[in-house]
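Novice: here is a sequence together with a model predicted from it:
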Amino acid sequence: MTLTDLFATRSARMKASEIRELLKLLDQPDIISFAGGIPDPALFPHEAFRNAYAEVLSGAQANAALQYQVSEGYLPLRRWLAAHMATLGVPCDEGNILITSGSQQGLDYLGKLMLSPDDTALVTWPTYLGALQAFNAYEPRYDRLQPNGGNTTPAAYADAAAKAGGRPKFAYLVPDFANPTGETLTLSQREAVLDLATELDIAVIEDAAYQALRYDGDPVAPIIALDCARSGGLDEARTIYCGSFSKILAPGLRMGWICAPRRIVEKLVLMKQASDLHSPSINQMAIHRVAETSYASQVDKVRHVYGERRDAILAALEASMPDGVTWSRPEGGMFIWVTLPEGIDTATLLARAVSEERVAFVPGSAFFADGSGRNTLRLSFTLADERAVTQGIPRLGRLVRDQLASLEHVR
């Protein structure tokens, strides 16, 4: 016997993230990477954080910064977040907020809270890879959520789930500038998701990691705000909102939050107590100070830079890609979704891209619950400086042309 014989059955569904493996390429200086969805560290509010940590560690607050914290999170930060959610159309108070160690922890907790083996999670096709990783440990099956319209009825979803031995539990989606596609749902599509969730009597998990990163177009109300308006208030709603400071302030502090009906938060607090007791006190206090003083200006700064980089990479794709290749044109976020002609496997293409052209991206199949979408790929533009755009995209276009020529030759 080896220790691996003692692993729980759920461990078989725990797989390495292709993105995390690709991040190792960033250590190679000659690689032009469009892979990881990583904020540009040059844009971090370094001075604001230096001042915040100095303040936190000064005077009477120093003891609190280095001491245990309540599991719900630092009260002034939760109050700031409640006020922030109110600006999004979600009236709430600190009792509706749980501080998490990044929004990823929130997804793990929600999978643990709701999924029994063989229950069904409705996810978009494709969807955020990290959500699949978080949910996989709880042994669900996945069904295809179709916010753009589809012919699957609520009864069909329920019947398929019952045949698999469980029931639908939630619909998970990233409605603003989705990872990986960059797609944003319209108001009517968001309403349709709520209609479906109501028919099935399931929760909606709204992953809002990129919501603040809008570069053009008009904002669309969060699903949780629509739900509150329908239901008469947050505590009567079925939507659970996962937010993050990582994309605006700094990912290294691992600060996220859940905004949800109080009965959900109370259960999640018990999970937090059993998991890590609380997120780091000092980081919560520092984030609170920076959010109070710098959040709005930081949003403006990153929007300006990332918006220009999005425009540059879209123009480079237009100039470099052959006929038959299409891509999304996101209004915000961090990602562009590229679809190549059928017959091209982007996992194979990636191997050539790295070895021959020294360019990296994420193969699209990683984002599909069933492993499909092998002719798709994701590009991240947040680190796409002038060199990356002017050299990396033409290299990738050249490789795609070569791959297409090889396919034509075989035919």
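Specialist: Good, I have the coordinates.

Novice: for the chain, which helix is longest?
Specialist: helix 281-320 (DSSP state H).

Novice: buried residues in that helix, which are they?
Specialist: Buried residues in helix 281-320, counted by 16 or more other C-beta atoms under 10 Å: 281-291, 294-295, 298-299, 302-303, 306-307, 309-310, 312-314, 316-317, 320. For glycine as for every other residue, the C-beta is placed from the backbone atoms N, C-alpha and C.

Novice: ranges for the helices of the stretch 1-150 of the chain?
Specialist: 18-23, 46-56, 61-65, 75-87, 102-114, 129-136 (DSSP state H, counting those that start in this stretch).

Novice: so which of those gets nearest A155?
Specialist: In terms of C-beta to C-beta, the element of the helices of the stretch 1-150 of the chain nearest to A155 is helix 102-114, at 21.1 Å.

Novice: other SSEs contacting that closest one?
Specialist: strand 97-100, helix 129-136, strand 168-173, strand 203-207, strand 239-244, strand 256-259, helix 262-275 (3 or more C-beta pairs under 8 Å, 6 or more residues apart in numbering; DSSP states H and E).

Novice: quick one: residues in contact with the third one.
Specialist: With contact meaning C-beta atoms under 8 Å, 6 or more residues apart in numbering, strand 168-173 is reached by 107, 110, 114-115, 119-124, 127, 131, 135, 140, 143, 145, 147, 157-158, 161, 185, 193, 196-197, 200, 202-207, 240.

Novice: kindly recompute the last result at 6 Å.
Specialist: Strand 168-173 is contacted from outside by 114-115, 119-120, 122-124, 131, 145, 157, 161, 193, 197, 200, 202-205, using C-beta atoms under 6 Å, 6 or more residues apart in numbering.

Novice: thinking again about what came up before, dump the helices and strands packed on helix 102-114 to CSV, plus mean pLDDT, mean neighbour count and distance to T326.
Specialist: CSV is the format used below for the helices and strands packed on helix 102-114 (pLDDT from 0 to 100; neighbours: other C-beta atoms under 10 Å; distance: least, C-beta to C-beta, whole Å):
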stretch, mean pLDDT, mean neighbour count, distance to T326
strand 97-100, 98, 27, 36
helix 129-136, 94, 23, 21
strand 168-173, 98, 26, 22
strand 203-207, 98, 26, 25
strand 239-244, 98, 26, 29
strand 256-259, 98, 26, 33
helix 262-275, 96, 16, 39
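
Novice: could you dump those to TSV with distance to F367?
Specialist: Putting these into TSV (distance: least, C-beta to C-beta, whole Å) gives the following:
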stretch	distance to F367
strand 97-100	23
helix 129-136	5
strand 168-173	13
strand 203-207	13
strand 239-244	18
strand 256-259	21
helix 262-275	26
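
Novice: what's the closest of these to M334?
Specialist: The closest of the helices and strands packed on helix 102-114 to M334 is strand 239-244. By C-beta to C-beta, the value is 12.2 Å.

Novice: what about A64, distance to A250?
Specialist: If you measure A64 against A250 using C-beta to C-beta, to the nearest Å, the figure is 21 Å.

Novice: neighbour-wise, which of these two wins?
Specialist: A250 (23 against 14; other C-beta atoms under 10 Å).

Novice: run through the residues that contact that one.
Specialist: Taking C-beta under 6 Å, 6+ apart, we find A250 in contact with F44.

Novice: ok, it to D40 distance?
Specialist: Going from A250 to D40 by C-beta to C-beta gives 11 Å.

Novice: hmm, who's touching stretch 102-120?
Specialist: By C-beta under 6 Å, 6+ apart, stretch 102-120 touches 100, 130-131, 134-135, 138-141, 143, 161, 164-166, 168-170, 205, 209, 242, 244, 254, 256, 258, 268, 271.
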